[in-house]
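In: generate a structure from the sequence data that follows.
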Amino acid sequence: MELLDYLEESVARKASDVFIITNFPCSYRIDGRIVRGEGEVFTPQETERLIREIYDLTGGRSIEKFEENGDDDFSFALKGIGRFRANVYRQRGTLAAVIRVVSFGLPDPASLSIPQTVLELSKKKNGLVLVTGPAGSGKSTTLACIIDKINHEKSGHIVTMEDPIEYIHRHNQCIVTQREIPHDSQSYVTALKAVLRQSPDVILLGELRDLETIEIAMTAAETGQLVFSTLHTTGTANTIDRIIDVFSANQQHQIRTQLSMILQAVVSQQLVPTVDGSLTPAFEIMLVTPAIRNMIRDGKVHQIDSAIFSGTKDGMCTMDTSLLELYRQGRITEQTALMYSQNHESLAQKLKAAK
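Out: Prediction:
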């Protein structure tokens, strides 16, 4: 089979990823599970042929970077089929690739069970909004839904910096500039330094990767832009600690103060398996209140979990509350809820009461 056949099959089967690995048949991730294709296992030569086909389909991307570094990450689109994000790498001396399947169309928030409170973050005028969670938890999809809402309801300039671009946003009420790293700009830092001269109203930064990126993103949020970004952390307290710990000890008091002033919300999410074999997101939602700003500034981040639990009327939600609600709806099992919980014993008692 040709690579195109595997990609068409992945779209038809609603797979999220395609795996091309030597000594294994083409396989797909469907509803979180790996499903083997019916073809024969790939030889090293067959794997290399298919990976070279990936580069051919991009319409001009050179394979040289991969040959030099042993890793490459990029996106490409196929007319009438879909959009894909490829990560090509070496393993045990052979070539391999994992291809993420991304629909041409933007995701529907309702079908993805994204809470209205999360979508309403589009109404923030400035500051920093973070969407966090492990790899593959749907952070990019959640942000795409928020950006789309801004694009349809506000007038302004949205600038995104992504590595690579996963969702294409058409100009609507906003001008949308999408920059792919490193194709359109050398790095996140380079793009971030330039963006402040591009009259942005909203900035989407694919990931807060390092000290310099965090510094510039915080400066952008401080100077009046609305900045969205992601971190590979779980929970608000861990996210705030992660940002502060990047800085040297003598800077951390200043950073706490700065972060307390610009942070607007932290959304943490994870995908959990449902009883019907699919996946659904569970969310922790923290909206910054004056009390939480004081906790951040005073280094009392450990108290934020209690503030989130008490802030239900304001639209906040703990991860365990989200899991409990999914259980009450009959969408996940008790075992699943406990497996993904933050406070195992507390949730176990609530699940028992909910029976």
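In: which ones are touching Gln192?
Out: Heads up, residue 192 is Leu, not Gln. By Cβ atoms under 8 Å, 6 or more residues apart in numbering, the contact set of Leu192 is Met161, Ile203, Leu205, Thr213, Ile216, Ala217, Ala220. To be clear about C-beta, it is placed using only N, CA and C from the backbone, and glycine gets the same treatment.
In: repeat that for 6 Å
Out: Leu192 makes contact with Ile216, according to Cβ atoms under 6 Å, 6 or more residues apart in numbering.
In: secondary structure class for it?
Out: helix (DSSP: H, G, I helix; E, B strand; the rest coil).
In: quick one: it from Ile181, how far?
Out: 10 Å (Cβ to Cβ, to the nearest Å).
In: can you give me the helices for the chain?
Out: With DSSP state H, the ranges of helices along the chain come out as 3-12, 44-57, 64-69, 116-119, 139-153, 188-195, 211-222, 236-245, 252-262, 290-297, 304-310, 319-328, 334-339, 344-354.
In: just the buried residues of the fifth one, please?
Out: Residues 139-151 are the ones in helix 139-153 that count as buried (16 or more other Cβ atoms under 10 Å).
In: please apply the same query to the third one.
Out: Using 16+ other Cβ under 10 Å as the burial criterion, the residues of helix 64-69 that qualify are Phe66.
In: helices and strands around it, which ones?
Out: Helix 64-69 is packed against no helix or strand, with contacts defined by 3 or more Cβ pairs under 6 Å, 6 or more residues apart in numbering; DSSP states H and E.
In: and for the second one?
Out: Contacts defined by 3+ Cβ pairs under 6 Å, 6+ apart place helix 44-57 against strand 94-102.
In: quick check: domain ranges of this structure?
Out: What automatic domain parsing lists as the domains of the chain is 3-102, 116-317.
In: figure out how far the last one is from the centre of its chain.
Out: This points to domain 116-317. 10 Å (Cα atoms, centre = their mean, to the nearest Å).
In: what mean pLDDT does that domain have?
Out: Computed over domain 116-317, the mean pLDDT rounds to 94.
In: and the end-to-end length of it?
Out: 12 Å (Cα to Cα, to the nearest Å).
In: kindly report the same for stretch 107-124.
Out: Span of stretch 107-124 from end to end, Cα to Cα: 21 Å.
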